[in-house]
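# what's the 3D shape of this:
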Amino acid sequence: MVPGIRAQQKEETRRRIAEAAAGLFGERGFDRTSVRDVAAAAGVDPALVLHYFGSKRALFGEVMGTPGDLSGVEIDDAAEFVLNSLIAKLDDSAAAALAQLRSMLTNDDAREHARTELSNLAGLLADALPGEDRDARAHLLLATNLGVAIARELLHVEPLAGRAPAEIAALLRPAVAGLIGTDEPPRKG
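Numbering: from 1, shown residues only. Just a heads-up that it's a prediction; the model follows:
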């Protein structure tokens, strides 16, 4: 076999395993997904899953990715950033986001990954917000997105489950604008 073709086949197998894992982690969460389940969904032997990824935990880490490096990212419009982040989480092709949502409630690694990602994003967002309590408001904005994603994707709460992500973002826009704005009453005392 030609070395280039063999490398291509290995990469294709690795990709199939990762895609199968993302789907299963999204459907079942980390704890209820086994290496055997992933192997069956990918059409490979379980030993091959371990060969490519080493462990289920490492496979999950691969599917989640590392919390992104946000240096160099600038937020021109905080509302658009928040709402576009929500749309991305609710996108039908966001298997990793669904896997993270489902798993973070029961798995320490997934929870720590989500916490780190939330903190990184909140830090970036806080820098783009005006006024006082920027850090708290940034966390509230992202926690709102998280709550909406859980309600729609995991709990299938209507009328959220039946709406397109862009429609939900449009409905949420005034609340996002309120948390971003500085039209706060003066503090007493």
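# I'd like the next helix or strand past the top helix by length along the chain.
Secondary structure assigned by DSSP state H gives helix 3-28 as the longest helix of the chain. For helix 3-28, the following helix or strand on the C-terminal side (DSSP states H and E) is helix 35-42.
# if we look at the worst-scoring helix or strand of the chain on mean pLDDT, which residues are touching it?
Counting by mean pLDDT, DSSP states H and E, the chain has its least confident helix or strand at helix 95-104, which shows a mean of 80. The list of residues contacting helix 95-104 from outside it, by Cβ atoms under 8 Å, 6 or more residues apart in numbering, reads 19, 22-23, 25-31, 60, 63-65, 88-89, 91, 110-111, 113-114, 146, 149-150, 153-154. Yep, even glycine has a C-beta here, placed from its N, CA and C like the rest.
# how distant is it from the center of its chain?
6 Å (Cα atoms, centre = their mean, to the nearest Å).
# which parts of the helix or strand just after that helix are buried?
Downstream of helix 95-104, the next assigned helix or strand under DSSP H and E is helix 108-128. Residues 110, 113-114, 117-118, 121-122, 124-126, 128 are the ones in helix 108-128 that count as buried (16 or more other Cβ atoms under 10 Å).
# and the angle for helix 108-128 with helix 3-28?
If you take axes from the mean of the first three to the mean of the last three Cα atoms, to 10 degrees, helix 108-128 sits at 90 degrees to helix 3-28.
# List the residue ranges of this structure that fall below the pLDDT cut-off.
Along the chain, segments meeting pLDDT under 70 span 1-3, 66-71, 92-93, 182-189.
# Try it again at 50.
Within the chain, the ranges that satisfy pLDDT under 50 run 184-189.
# what's the domain layout of the protein?
3-64, 78-180 (automatic domain parsing).
# Now tabulate those domains in JSON lines and tack on distance to residue 72.
Converted to JSON lines, the domains of the chain look like this (distance: least, Cβ to Cβ, whole Å):
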{"stretch": "domain 3-64", "distance to residue 72": "22"}
{"stretch": "domain 78-180", "distance to residue 72": "10"}
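# So what's the residue count around residue 9?
If you count neighbours by other Cβ atoms under 10 Å, residue 9 ends up with 11.
# again, but for the one 4 residues further on
Neighbour count for residue 13, taken as other Cβ under 10 Å: 17.
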